[in-house]
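In: Need a 3D model of the following:
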Amino acid sequence: MKAILAGALGFVLVGSVASAQQKAAPTTLKGILVEQLKTSHNLQQWFVPASKAVEGLTFAQATWKQGKENHSIAQLVNHLTFWDKQQLEKFKGGKPPDFSGNNEETFTPPKDKAGWDAAVKQMDEVMTGWEQAVEGADDAKLQSWYSTIAHIGTHNAYHTGQILYIRKQQGSWDASKGVK
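Out: Residues are numbered from 1 along each chain as shown. Predicted coordinates for the structure are as follows:
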């Protein structure tokens, strides 16, 4: 019995090492941030990314809310997109649109299916924009942005978790996609 367990453990360890060698972890802070942005966007590794969390949602599912005070998935998507876009514009040296400072304004829901489809597309575009901007930036540019970029990835993952929770509440999440 011990030989069987030892053999199984050896197989698991060898498989883990081979898997780790195929995809080496990033070795620079820039690489870590790019990986974090990608895994919170569309690369599923440790958790379900935003793109998969909203995949296949109907307009009705995206705008469903449990209780008056809670946000819908569509509102969360617009909130994520708003803040990612604001910061990306600043990162690129531009001036983002004026903002009153009222965070509740960032949770505006789309009015129809076309608005929902556009919101999903815009979220994907701005998240891709962040990945490309960080990949193309030099270390001098990134120096003052490292913390902000890390917070963007964390913020994206946090709200993606909320999206998954809402989908579970409404019964629209397929657990085979990564979260039971």
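In: for stretch 26-41, the distance to its chain's centre please.
Out: Centroid separation between stretch 26-41 and its chain, computed with C-alpha atoms, centre = their mean, to the nearest Å, is 12 Å.
In: cool, and stretch 135-143?
Out: 21 Å.
In: Alpha carbons of it, as PDB, please.
Out: The C-alpha atoms that make up stretch 135-143 are tabulated as PDB, following Å, rounded to 0.1, in the frame of the first residue of the first chain:
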ATOM      1  CA  GLU A 135       3.400  45.200 -21.600                       C
ATOM      2  CA  GLY A 136       4.600  48.200 -23.700                       C
ATOM      3  CA  ALA A 137       5.600  50.500 -20.900                       C
ATOM      4  CA  ASP A 138       9.200  50.900 -19.700                       C
ATOM      5  CA  ASP A 139      10.200  50.500 -16.000                       C
ATOM      6  CA  ALA A 140      10.500  54.300 -15.600                       C
ATOM      7  CA  LYS A 141       6.900  54.700 -16.600                       C
ATOM      8  CA  LEU A 142       5.700  51.800 -14.400                       C
ATOM      9  CA  GLN A 143       7.700  53.000 -11.300                       C
END
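In: all helices for this protein, in order.
Out: Under the criterion DSSP state H, the chain contains helices at 2-22, 29-41, 50-54, 59-63, 73-91, 113-136, 139-143, 146-170.
In: Next up, the contacts around the residue nearest to the spatial centre of the chain.
Out: The centroid of the chain falls nearest to residue 40 when counting by C-alpha atoms, centre = their mean (2.8 Å). Applying C-beta atoms under 8 Å, 6 or more residues apart in numbering to residue 40 gives the contacts 49, 50, 127, 153, 154, 156, 157, 160. The C-beta positions use only the backbone N, C-alpha and C, and glycine is treated the same way.
In: how many other residues sit next to the fourth one?
Out: Which is residue 153. Using other C-beta atoms under 10 Å, residue 153 has 23 other residues around it.
In: can you check the last one too?
Out: Here the neighbour count serves as a burial measure; for residue 160 (other C-beta under 10 Å) it reads 23.
In: residues touching it, list them.
Out: By C-beta under 8 Å, 6+ apart, the residues touching residue 160 are 40, 47, 48, 49, 50, 53.
In: now do 10 Å
Out: 40-41, 47-54, 76-77, 80 (C-beta atoms under 10 Å, 6 or more residues apart in numbering).
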